[in-house]
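> no sequence on this one, just coordinates:
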């Protein structure tokens, strides 16, 4: 259901939300009838609704490969994330996972909710994997092997330095970027020779998630999950978990801003990678999550709520990003807008204020120098549609009708 109160605050969200709802329903109707493929696409919608949507607008062959790639890595991640699994059990599974995907009978019970279903019925994923073209299989197995080995290494190793942080993010996300580039190449639709840029695409998304998920990770039961590097948080606190306490709010926000500054070093690489893409569907698939990441960082920056709960883009703004991201000019426009939002929140008393300001100005310059930046003041953050006044009237009429019906159904005194 569309949140009426949210739509009334942002009436220009209404039409993109409506389009998104229709697109989700349409994607769900396209789930294949074969049991193993049906399971895979149904599970994809359950473990990542928005990601499922951008996957399903890819061409059929590549769509299947990316779907299975995502589910294999999601399963691998479920093993890594389950802190109830003993290390001596977990490590061998991570290291051997690239073999398990070839085994139609393999499964391992772990995780919770939909992730447990994925792991319990992993044989469906293996069956679908074995039907992919050999080039796709080899790319997926290669990345799974490297990722499993990297995850196993960090089960027994703390993230101490920024180099450790970059290495961990490479294993769990940079390799995803590299793997996707391999799949794009195997499809014949792209010919990308830019491993460092592919890596940056993954690191930017992963670092954004690590920043946003601080409270969830630190409160993980039975054991906290700590991915923020000591080299950064050690400047602001004696223990990483201390940042969640109210008395440490000032230091917590300063540490947060330090983390955001670190994530933003990957932006220009990401823009280069996306500008080299040729296939429109692959472009949208890559660009939408990147815009979501810069938008999330803009909301998280200088925001104590990161240590109190979940900070994320409102659903209507997400719908706008999905609806309006069709070309590189859209990407430059969105990155410019969100960098402006972040820049407006910079506290001159913050120790990293100069660094973050310089980073924002560099991003804005890249967007301007592209020569395709939309001349409007704002692309994402303000309404750009001429139907908004009509929507406002329509929404108020709907609200009036709902209230009238409610009042007419109330019993008379």
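Nice, I can see it. Worth saying up front: this structure is predicted, and the values here are computed from it rather than measured.
> end to end, how far does stretch 304-316 reach?
Start and end residues of stretch 304-316 are separated by 23 Å (CA to CA, to the nearest Å).
> contacts for that stretch?
Stretch 304-316 is contacted by residues 3, 6-7, 10, 13-14, 16-17, 211-212, 214-216, 243-244, 249, 252-253, 256, 292, 295-296, 299-300, 303, 321 when judged by CB atoms under 8 Å, 6 or more residues apart in numbering. For glycine as for every other residue, the C-beta is placed from the backbone atoms N, C-alpha and C.
> same check, this time on stretch 132-146
With contact meaning CB under 8 Å, 6+ apart, stretch 132-146 is reached by 61, 64-65, 68-69, 72-73, 76, 97-98, 101-102, 129-130, 171, 175-176, 178-179, 182-183, 186.
> Mind checking which of those are in helices?
Secondary structure from DSSP state H places 61, 64-65, 68-69, 72-73, 76, 97-98, 129, 175-176, 178-179, 182-183, 186 of those in helices.
> Run a quick neighbour tally on residue 320.
29 (other CB atoms under 10 Å).
> Quick check, pLDDT for it.
Listed pLDDT for residue 320 reads 92.
> before we move on, what about residue 155?
Residue 155 is assigned a predicted lDDT (pLDDT) of 91.
> again, but for residue 12
Looking at residue 12, its pLDDT reads 80.
> Any idea how many residues pack against the nearest residue to residue 111 once chain neighbours are set aside?
Closest residue in space to residue 111, ignoring its immediate chain neighbours: residue 78 at 4.1 Å, by CB to CB, 6 or more residues apart in numbering. Number of residues near residue 78 (other CB under 10 Å) recorded here: 21.
> cool, and residue 36?
Burial measure for residue 36: 18 neighbouring residues, criterion other CB under 10 Å.
> just the one 5 residues further on next, same as before
Applying other CB under 10 Å, we find 22 other residues in the vicinity of residue 41.
> so where does it fall, helix or strand?
Residue 41 is part of helix 35-47, with elements assigned from DSSP states H and E.
> Any chance you could list what contacts that helix?
Under the contact criterion CB under 8 Å, 6+ apart, helix 35-47 has outside partners 27-28, 30-32, 51-52, 55-56, 64, 67-68, 70-71, 74, 114-115, 117-118, 121, 124-125, 127-128.
> And stretch 272-286, by the same measure?
For stretch 272-286, the surrounding residues in contact (CB under 8 Å, 6+ apart) are 54-55, 57-59, 62, 66, 180, 184, 189-190, 192, 194, 197-198, 200-201, 287, 290, 325-328, 331, 370.
> any idea which helix or strand carries the nearest residue to residue 49 once chain neighbours are set aside?
Once flanking residues are discounted, residue 49 sits nearest to residue 24: 6.9 Å by CB to CB, 6+ apart. Of the helices and strands defined by DSSP H and E, residue 24 is found in helix 14-29.
> how far does that helix sit from the chain's center?
Centroid separation for helix 14-29 versus its chain: 19 Å, with CA atoms, centre = their mean, to the nearest Å.
> And the helices in the stretch 101-250 of the chain?
113-120, 122-129, 134-155, 162-169, 175-187, 195-212, 214-218, 230-233, 249-263 (DSSP state H, counting those that start in this stretch).
> Could you export those helices as JSON lines, including distance to residue 355 and mean neighbour count?
Shown next, in JSON lines, are these (distance: least, CB to CB, whole Å; neighbours: other CB atoms under 10 Å):
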{"stretch": "helix 113-120", "distance to residue 355": "38", "mean neighbour count": "16"}
{"stretch": "helix 122-129", "distance to residue 355": "43", "mean neighbour count": "21"}
{"stretch": "helix 134-155", "distance to residue 355": "27", "mean neighbour count": "19"}
{"stretch": "helix 162-169", "distance to residue 355": "14", "mean neighbour count": "18"}
{"stretch": "helix 175-187", "distance to residue 355": "25", "mean neighbour count": "23"}
{"stretch": "helix 195-212", "distance to residue 355": "16", "mean neighbour count": "22"}
{"stretch": "helix 214-218", "distance to residue 355": "20", "mean neighbour count": "18"}
{"stretch": "helix 230-233", "distance to residue 355": "12", "mean neighbour count": "19"}
{"stretch": "helix 249-263", "distance to residue 355": "5", "mean neighbour count": "21"}
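> Let's have these in CSV, adding distance to residue 314.
Listed next are those as CSV, based on distance: least, CB to CB, whole Å:
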stretch, distance to residue 314
helix 113-120, 24
helix 122-129, 33
helix 134-155, 32
helix 162-169, 27
helix 175-187, 26
helix 195-212, 14
helix 214-218, 19
helix 230-233, 28
helix 249-263, 19
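> between those, which one is nearest to residue 336?
With CB to CB as the criterion, residue 336 lies closest to helix 195-212 of the helices of the stretch 101-250 of the chain, at 16.4 Å.
> what packs against the closest one?
helix 162-169, helix 175-187, helix 249-263, helix 267-275, helix 280-300 (3 or more CB pairs under 8 Å, 6 or more residues apart in numbering; DSSP states H and E).
> for the fourth one, what is the average pLDDT?
Confidence for helix 267-275, expressed as mean pLDDT, is 97.
> I'd like the distance from that helix to the chain centre, please.
In terms of CA atoms, centre = their mean, the centre of helix 267-275 is set 16 Å apart from its chain centre.
> Please apply the same query to the second one.
Here helix 175-187 shows a centroid-to-chain-centroid distance of 17 Å under the convention CA atoms, centre = their mean.
> okay, residue 243: pLDDT?
97.
> how many neighbours does it have?
Residue 243 has 23 neighbours, counted by other CB under 10 Å.
> Thought residue 255 was touching it, still the case?
Yes. Residue 243 lies in contact with residue 255 (CB atoms under 8 Å); the separation is 6.0 Å.
> between those two, what contacts are shared?
233, 236-237.
> Considering these, which is situated nearest to residue 163?
When the shared contacts of residue 243 and residue 255 are compared against residue 163 (criterion: CB to CB), the nearest one is residue 233, at 15.3 Å.
> give me every residue that touches that closest one.
Residue 233 makes contact with 240, 243, 255, according to CB under 8 Å, 6+ apart.
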